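[1] Give me the fold of what follows.
(chains A and B)
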Amino acid sequence: MGNTPAVEMINVTKRFGKVTANDHVNLEIRKGEILSLLGENGSGKTTLMNMLSGLYFPDEGEIRINGEPVTITSPKDAFDCGIGMIHQHFKLVDVFTAAENVTLGAENSKLDIKAVTAHIKEICDKYGFIIDPGKKVYDMSVSEKQTVEIIKVLYRGADILILDEPTAVLTPQETDRLFNVMRNMKADGKAMIIITHKLHEVMDVSDRVAVLRKGQYIGDVATKDTNPDKLTEMMVGKKVTLNIAHPKYPNPTPRLTVKNLTVVDAIGVKRLDNVSFTAYGGEILGIAGIAGSGQKELLESIAGLQITQPGSSILYYPKEADSKGVELIGKSPKEIRNLGVGLSFVPEDRLGMGLVGPMGMTDNMLLRSFRKGKGIFADRKSPKELADKVMNDLGVVTPSTEFPVRRLSGGNVQKVLVGREIAQEPSVLMTAYAVRGLDINTSYIIYDLLTEQKMKGVAVVYVGEDLDVLLELADRIMVICGGQVSGIVDTAKTTKEEVGLLMTKFRKGGNS
Amino acid sequence: MITAVQFSQLLQSAIVFGTVIMFGALGEILTQKSGNLNLGVPGIMYLGGIAGLAMSYFYELNVEHPNGFVSLILSFIAAFAAAALGGLIYSFLTITLRANQNVTGLTLTIFGNGLANFFGGILNSMAGGVGQISVRTTSNAYRMSLAHFFKIGNIGKIFFSYGFMAYLAIIIAVVMYYFLNRTRTGLNLRSVGESPATADAAGINVIRYKYLATCIGAGISGLGGLYYTMDYIKGTWTTDSTIEALGWLAVALVIFATWRPLNAIWGSYLFGVLYWMYLYIPGLTRSSQEIFKMLPYVVTILVLLRVSMRKKREDQPPASLGLSYFREER
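    Got it, this is the predicted structure:
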């Protein structure tokens, strides 16, 4: 292997109007190396990578590939330079098969699906992928789609790969498989850049770490010479303690009792099967499980968005009264919300649920409170105050509260979404994947906010992916597996291994 | 009961009728595959019709011994070019300036209708008054069929009694099927209509594909207007709104055919049968005839209902149909 770096970016600057996304950034990637690009949300990582993949064109600076200066003005130029990017939001055509997607835009003139299939098999064998080339993308799981994305760039002969948050949507097992493939590619001499917020993954897979902060290049460090605390300090610019405070609420009281909850989806598959549990005020109930085990259906049932089967019961005990409880099934989502049950759901597509893209923060806050105004006019003053408060508390990076949320970076959009739900002061707060795609600093701000809610006596239901975080943050963890409760465990008395086992292997009971 | 002769007549008039809307629909299928919803089909068919007619009229007027074949070529090119120009206007507004596709398309329909009837009126008055224009030589060339050379029976008439454009429509449909499903360019075009961001990231020139598909598609749609003036009404011009009505049927046919060119072949003939059936059903009054003329639209609604309920992904319109694309937009 030569000493010439695969990619050099020299003094690269990119501005969007008044915002400088990248300010004279210098970056170098070597062959046979995995580089982690770290930075908080909105620090300009994706923008920097998009300039390599030809989606953006730099305002200043130079890019060199294998020592040669190049001009990349389009994705096609990037392909010609051997650069392939696996985007955070997959760029695949749903109604095409894997093979059709892989060959899309390739140069050779004849369309020979058989030859493409053979080539895909070859790539799969070489690096250890598993995929059916004839499968339609709309039938695929997230992990399969990602595999198609990676095969696509390899098929086109890329030897510089950029992976933008590839693990955000994967299960731990799928992540391991991806990392193995990445190590195989590294051994083959390919240069790789991975953007991720999960520091243990950075430590696990990368050789070198480069850090961006607010669009500026902070520096790089060999992975073996560093640790998560040092990296966080580089990223944030000050020392941050990576501990989640875990105070105990004096006397938790039942707030929500779910009994025999069963949900059947449109094609007759049981999504939830006889789920029973109690959520206490002053407690964080973590919900763990492999993606798609019924987490979404559970939260939506409580929020009144799902049709439940006869025999299901969800009793809600209001904060003050010591009444017998209110049955939530049969109530409209609006009535349930008015009772103080809040749902903040962060789906894969952050704009898909809960926020209106072209509107600013203020107007999105208004969406929750527009019924409160007197008369026919909406009250815009308090939503504006709320928007300012969320912006300051969570550090949302935006030119103003009137700036369209669609044009904020992914993590910032999420802060708006979570901040708005917490600000409603609910007595039951449900969140799903609240920190997905968020950087470490913001994640900890959100954990603190949730704990703060708990100490106010709120029952917090937290659906999460990261088991380490769940164990630290939650008081109890309910594990669901294939729509059934496979166990409810006390975080003080359990281990990561036990929870992991419950996630995959169905087991009756638990020590609730 | 319908006799065999009546049945043959019904099929023949259905195929002539169907050919007009098949051209319109095939052009629109190509356009929509690029993600452009061009509701200007009726206007574009008007443009094709009037351009072809005007070209052959001036040719026949200025040449001493007009040759039907030469006039046919000239008017064919004029019709295709005028219609493609309509597509270019639409493309510039919706692709480059990113104007709303529905509004632009509807405007194009009104524009084409007005422009064509304006010039149609002028041609008529030049020829001596309302309904006086006639390009017989050219029209005869368009309507030349095998029936002129051979004696063919009722069955033969169903297959061989049409001008060349009826067969051209079928050929275009088959070629388009092959193009969309078996060639790389076709795959690229479909990806542009499904997900322009994906196509762009794969190095496909989205803008160029959209422009070309829309302009060529408009040209093909315009041939429907040409076939209408030259064959259907035999080289004349009437300032009624028949072309517009047929244009909307063509748009309906695109949905009916679930964006598949081969379905457009039998679909257009079926629409033709449904449209002309009232002539063969005894005891209809003038008003109850109109109910029968409504049938193609009713069928389209039923197909839409079925397609939506089955939720089969392959039957859905291109995913980014009606949306404009801008690379740096998030």
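
[2] could you pull out the helices for the stretch 151-300 of chain A?
    Along the stretch 151-300 of chain A, the segments classed as helices by DSSP state H, counting those that start in this stretch run A:172-187, A:199-205, A:228-236, A:295-302.

[3] Out of those, which is the most enclosed?
    helix A:295-302 (a mean of 23; mean count of other Cβ atoms under 10 Å in any protein chain shown). (C-beta placed from N, C-alpha, C; glycine too.)

[4] Within the sheet, what are the partner strands of the next helix or strand after it, with directions?
    The element immediately downstream of helix A:295-302 (helix or strand, assigned by DSSP states H and E) is strand A:313-316. If you go by DSSP bridges, strand A:313-316 pairs up with strand A:253-264 (antiparallel), strand A:326-327 (antiparallel).

[5] out of those, deepest packed?
    Among the strands paired with strand A:313-316, highest average neighbours (mean count of other Cβ under 10 Å) belong to strand A:253-264, with a mean of 19.

[6] averaged over its residues, what pLDDT does stretch A:23-43 have?
    When pLDDT is averaged along stretch A:23-43, the result is 89.

[7] What of stretch A:185-200?
    Computed over stretch A:185-200, the mean pLDDT rounds to 89.

[8] Can I get that stretch as CSV, trimmed to CA atoms?
    Output in CSV follows, covering the C-alpha atoms of stretch A:185-200 (Å, rounded to 0.1, in the frame of the first residue of the first chain):
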residue,chain,number,x,y,z
MET,A,185,-13.3,-4.5,3.2
LYS,A,186,-10.5,-2.9,5.2
ALA,A,187,-8.4,-6.0,4.7
ASP,A,188,-9.1,-5.6,1.0
GLY,A,189,-7.5,-2.1,1.1
LYS,A,190,-10.6,0.0,1.0
ALA,A,191,-10.8,3.4,2.8
MET,A,192,-13.8,3.9,4.9
ILE,A,193,-15.4,6.8,6.8
ILE,A,194,-18.0,6.0,9.3
ILE,A,195,-20.2,8.6,11.0
THR,A,196,-21.7,7.4,14.3
HIS,A,197,-22.7,8.9,17.6
LYS,A,198,-22.2,5.6,19.6
LEU,A,199,-18.8,5.9,21.1
HIS,A,200,-18.4,2.2,21.9
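
[9] show me where the stretch 301-450 of chain A has strands.
    For the stretch 301-450 of chain A, applying DSSP state E, counting those that start in this stretch gives strands covering A:313-316, A:326-327, A:341-345, A:428-432.

[10] same check, this time on the stretch 51-200 of chain A
    Counting by DSSP E, counting those that start in this stretch, the stretch 51-200 of chain A has strands at residues A:60-65, A:68-70, A:83-86, A:160-164, A:191-195.

[11] so can I have CSV of those strands showing mean neighbour count?
    Shown next, in CSV, are the strands of the stretch 51-200 of chain A (neighbours: other Cβ atoms under 10 Å in any protein chain shown):
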stretch, mean neighbour count
strand A:60-65, 17
strand A:68-70, 12
strand A:83-86, 26
strand A:160-164, 24
strand A:191-195, 24
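
[12] what's the offset of stretch A:406-423 from the middle of its chain?
    13 Å (Cα atoms, centre = their mean, to the nearest Å).

[13] Can you add distance to chain B and give the strands of the stretch 51-200 of chain A back as JSON lines?
    As requested, the strands of the stretch 51-200 of chain A are exported to JSON lines (distance: least, Cβ to the nearest Cβ, whole Å):
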{"stretch": "strand A:60-65", "distance to chain B": "16"}
{"stretch": "strand A:68-70", "distance to chain B": "15"}
{"stretch": "strand A:83-86", "distance to chain B": "8"}
{"stretch": "strand A:160-164", "distance to chain B": "12"}
{"stretch": "strand A:191-195", "distance to chain B": "16"}
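
[14] follow-up on the earlier one: check the strands of the stretch 301-450 of chain A for me: which has the lowest mean pLDDT.
    Lowest mean pLDDT within those: strand A:341-345, at a mean of 69.

[15] Kindly state the pLDDT recorded for residue A:149?
    91.

[16] now swap in residue B:51 and tell me
    Residue B:51 is given a pLDDT of 96.

[17] Keeping just the C-alphas, turn the host helix or strand of it into PDB.
    Taking DSSP H and E as the criterion, residue B:51 maps to helix B:41-62. Taking C-alpha atoms only, helix B:41-62 is exported to PDB below (Å, rounded to 0.1, in the frame of the first residue of the first chain):
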ATOM      1  CA  VAL B  41     -52.700  16.000 -22.700                       C
ATOM      2  CA  PRO B  42     -55.900  17.400 -24.200                       C
ATOM      3  CA  GLY B  43     -54.100  20.700 -25.100                       C
ATOM      4  CA  ILE B  44     -51.100  18.800 -26.500                       C
ATOM      5  CA  MET B  45     -53.500  16.700 -28.700                       C
ATOM      6  CA  TYR B  46     -55.000  19.900 -29.900                       C
ATOM      7  CA  LEU B  47     -51.600  21.300 -30.800                       C
ATOM      8  CA  GLY B  48     -50.700  18.100 -32.700                       C
ATOM      9  CA  GLY B  49     -54.000  18.100 -34.500                       C
ATOM     10  CA  ILE B  50     -53.900  21.700 -35.700                       C
ATOM     11  CA  ALA B  51     -50.200  21.700 -36.600                       C
ATOM     12  CA  GLY B  52     -50.700  18.600 -38.800                       C
ATOM     13  CA  LEU B  53     -53.800  20.100 -40.400                       C
ATOM     14  CA  ALA B  54     -52.200  23.500 -41.100                       C
ATOM     15  CA  MET B  55     -49.100  22.000 -42.600                       C
ATOM     16  CA  SER B  56     -51.000  19.800 -45.000                       C
ATOM     17  CA  TYR B  57     -53.400  22.600 -45.800                       C
ATOM     18  CA  PHE B  58     -50.700  25.000 -46.900                       C
ATOM     19  CA  TYR B  59     -48.900  22.200 -48.700                       C
ATOM     20  CA  GLU B  60     -52.000  21.300 -50.700                       C
ATOM     21  CA  LEU B  61     -52.700  25.000 -51.300                       C
ATOM     22  CA  ASN B  62     -49.300  25.900 -52.600                       C
END
